[in-house]
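**Q** build me a model from this:
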Amino acid sequence: MKKSIILYLLLFLSISGHAQKNQIKDDLNLLPEVTYQQISNTTDYNSNYVLKVKQPIDHNDPSKGFFNQKVYLSHKSFDQPTVLVTAGYQANNNGIYELTDLLKANQILVEHRFFGESMPDSLNYKYLNLEQATADLHHIKELFKDIYPKKWISTGISKGGATTIFYRYFYPNDVDVSVPYVAPINNTFEEPRIYEFLNTVGTDECRQKIKDFQIQILKNRDKILPLLKFYSMGVGAKYSYLTIGEAFEYAVMEYPFSFWQWGASCDEIPSKKASIEDITKYFIEVCDLTFFSDQSIEKYNSHYYQAATEMGYYGYETSEFKDLLVDLPTDKNPMALFFTFKMEEPFNGEILEKTNKWLKKKGNHIIYIYGGNDTWTASAVPFSSKVDSKWFILKDKHHGNARIKGMNTSEKEAFISTLEKWLSIKIEH
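**A** Have a look, this model is predicted:
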């Protein structure tokens, strides 16, 4: 009898899953200006698809033309919540996010406009702005809101997390809850809180070791740079937007930012007696010179444009290294922004100012997750008692591991209970 019941349940689940697959295909077929292709199931989801969604280049004037935006859909059930993942860059696969897994939700992962395959035929960066990018997300929500009528949650990591926040500002009623991870929301073009963070994070001893290592690298430029040139040749990195000398000095200046962002250890900083080979190897591991290569600049061109025009970014305090730097200015802070073209568009901080004010007074039902040691936590959305939102600053965590799975027991319980309350659901975990 028991065996028969198990067989019956398996048969029921198989039939139910098959019906779900057929139904979601029928629904996708009815979506206007959307094409799709089913892709192999790499998870326990009923079906997975990659979609091309036709989007206006200018949502305010469709006569400007259109482009196809890549979207991944992982279908679980029509009776489950839906997580809308806002990628900040290109989206290379339909990997399931931990929040989606926790909620046993459907997932819609949206590649950002002007990244990856979501590129217009002719690039006019005028239309790469927060208003247009969030309008893309709103259009996708409108397409799927009747297919998935249950609760909606938006989430994203890093720049994708910032996109989640800006999406909530422009369309506050599109989702029920937003969960941005390690999401910087700057105050201005050159974010001064970054400098304050780097000058205070960790111990005095550790910060001094970081500075001493920078000095050590710069003093041994003539020995280290040839090794870095050979390394660059080996990985096929080229330097034409920056000279390799500029790239070298930028990497040295980037080192403290990268050190804290990705959770490097003070105990692993090479001593002053370490060999040139060991110093160079460690330097590459923490702050790879090829981040400033042509290939990297081309890959992140759109990101740098957004930072330079609306989102703000950080620079490097070079004055204290003025006797050791050859290629970078020391009378002003060079910005960590690099372009394949002459950048002429000015910075406009209007959206940043409005968003920061809105978050402080009206940004409800947002769960912020930051790492205590992550450099980008300097630009975290500050706590406000005027809103019904939740902040988690995870001790000793960095940009890569400030996640739900990195929470301690009490933090995770608080996180889940907050979601249960705001979504009016029970979460099995």
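**Q** which residues touch stretch 203-214?
**A** If you take CB atoms under 8 Å, 6 or more residues apart in numbering as the criterion, stretch 203-214 is touched by 198-199, 201, 252-253, 255-256, 259, 266, 269-270, 272, 321. Yep, even glycine has a C-beta here, placed from its N, CA and C like the rest.
**Q** avg pLDDT for that stretch?
**A** The pLDDT scores in stretch 203-214 average 98.
**Q** now it: how far from the chain's centre is it?
**A** Chain-centre distance of stretch 203-214: 28 Å, with CA atoms, centre = their mean, to the nearest Å.
**Q** my read: F115 touches Q90, true?
**A** Yes: between F115 and Q90 there is a contact under CB atoms under 8 Å: 4.5 Å.
**Q** just the contacts of stretch 203-214 now: which is nearest F338?
**A** The closest of the contacts of stretch 203-214 to F338 turns out to be M253 (CB to CB; 13.0 Å).
**Q** isn't that closest one up against S319?
**A** No: in this structure M253 lies outside contact range of S319 using CB under 8 Å: 11.3 Å.
**Q** rewinding a little: from the contacts of stretch 203-214, which has minimum pLDDT?
**A** Among those, K272 has the lowest pLDDT, at 92.
**Q** give me the neighbour count for it.
**A** Here the number of neighbours of K272 (other CB atoms under 10 Å) works out to 9.
**Q** equivalent analysis for L423, please.
**A** 18.
**Q** give me the nearest residue to it, chain neighbours excluded.
**A** Among residues not flanking L423 along the chain, K151 sits closest, at 4.8 Å (CB to CB, 6 or more residues apart in numbering).
**Q** thinking again about what came up before, between M253 and S319, which is the more surrounded one?
**A** M253 (22 against 12).
**Q** for the more buried one, list the residues it contacts.
**A** Q214, Y316, T318, F321, L328, P334.
**Q** go again with 6 Å.
**A** Contacts of M253 were listed using CB atoms under 6 Å, 6 or more residues apart in numbering, and they are Y316.
**Q** ok, the one 10 residues further on next?
**A** The contact partners of G263, by CB under 6 Å, 6+ apart, come to H398.
**Q** which residues in the stretch 201-350 of the chain form helices?
**A** Applying DSSP state H, counting those that start in this stretch to the stretch 201-350 of the chain gives helices spanning 204-219, 221-235, 244-261, 276-286, 294-299, 301-306, 350-362.
**Q** can you redo the ones you listed as CSV with distance to K390?
**A** Shown next, in CSV, are these (distance: least, CB to CB, whole Å):
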stretch, distance to K390
helix 204-219, 30
helix 221-235, 42
helix 244-261, 23
helix 276-286, 32
helix 294-299, 34
helix 301-306, 27
helix 350-362, 13
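**Q** and the strands in the protein?
**A** 34-39, 47-56, 66-75, 82-86, 106-110, 152-157, 177-181, 367-371, 390-394 (DSSP state E).
**Q** now those in CSV, with distance to F292?
**A** Formatted as CSV, the strands of the chain follow (distance: least, CB to CB, whole Å):
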stretch, distance to F292
strand 34-39, 35
strand 47-56, 32
strand 66-75, 28
strand 82-86, 27
strand 106-110, 29
strand 152-157, 23
strand 177-181, 26
strand 367-371, 24
strand 390-394, 30
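**Q** what sits closest to Y282 if chain neighbours are left out?
**A** P270 (5.3 Å).
**Q** show me what contacts the one you found?
**A** Per CB under 6 Å, 6+ apart, neighbours of P270: D278, I279, Y282.
**Q** if you set the cut-off to 10 Å instead, what comes out?
**A** By CB atoms under 10 Å, 6 or more residues apart in numbering, the contact set of P270 is K209, F213, Q216, I217, I276, D278, I279, T280, K281, Y282, F283.
**Q** got the buried residues for stretch 97-113?
**A** 97, 99-103, 105-113 (16 or more other CB atoms under 10 Å).
**Q** the contacts of P270 into JSON lines, with extra columns for neighbour count and distance to V381?
**A** What follows is the contacts of P270, written out as JSON lines (neighbours: other CB atoms under 10 Å; distance: CB to CB, whole Å):
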{"residue": "K209", "neighbour count": "18", "distance to V381": "31"}
{"residue": "F213", "neighbour count": "23", "distance to V381": "32"}
{"residue": "Q216", "neighbour count": "18", "distance to V381": "37"}
{"residue": "I217", "neighbour count": "23", "distance to V381": "34"}
{"residue": "I276", "neighbour count": "13", "distance to V381": "43"}
{"residue": "D278", "neighbour count": "12", "distance to V381": "40"}
{"residue": "I279", "neighbour count": "21", "distance to V381": "38"}
{"residue": "T280", "neighbour count": "23", "distance to V381": "38"}
{"residue": "K281", "neighbour count": "14", "distance to V381": "37"}
{"residue": "Y282", "neighbour count": "17", "distance to V381": "34"}
{"residue": "F283", "neighbour count": "23", "distance to V381": "33"}
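**Q** from those, which single one is nearest H365?
**A** Using CB to CB, those come closest to H365 at K209, 42.1 Å.
**Q** so how far is H398 from that closest one?
**A** For K209, the distance to H398 equals 18 Å [CB to CB, to the nearest Å].
**Q** how much space between the residue nearest to Y282 and E277?
**A** Going from P270 to E277 by CB to CB gives 10 Å.
**Q** what does N22 give?
**A** Counting by CB to CB, the gap from N22 to E277 is 61 Å.
**Q** kindly report the same for E268.
**A** Distance, E268 to E277, by CB to CB: 16 Å.
**Q** wait, D121 touches F66, no?
**A** Yes: here D121 reaches F66: they are 9.4 Å apart, a contact under CB atoms under 10 Å.
**Q** more crowded one of those two?
**A** Each of D121 and F66 has its neighbours counted (other CB under 10 Å); F66 has more, 14 against 8.
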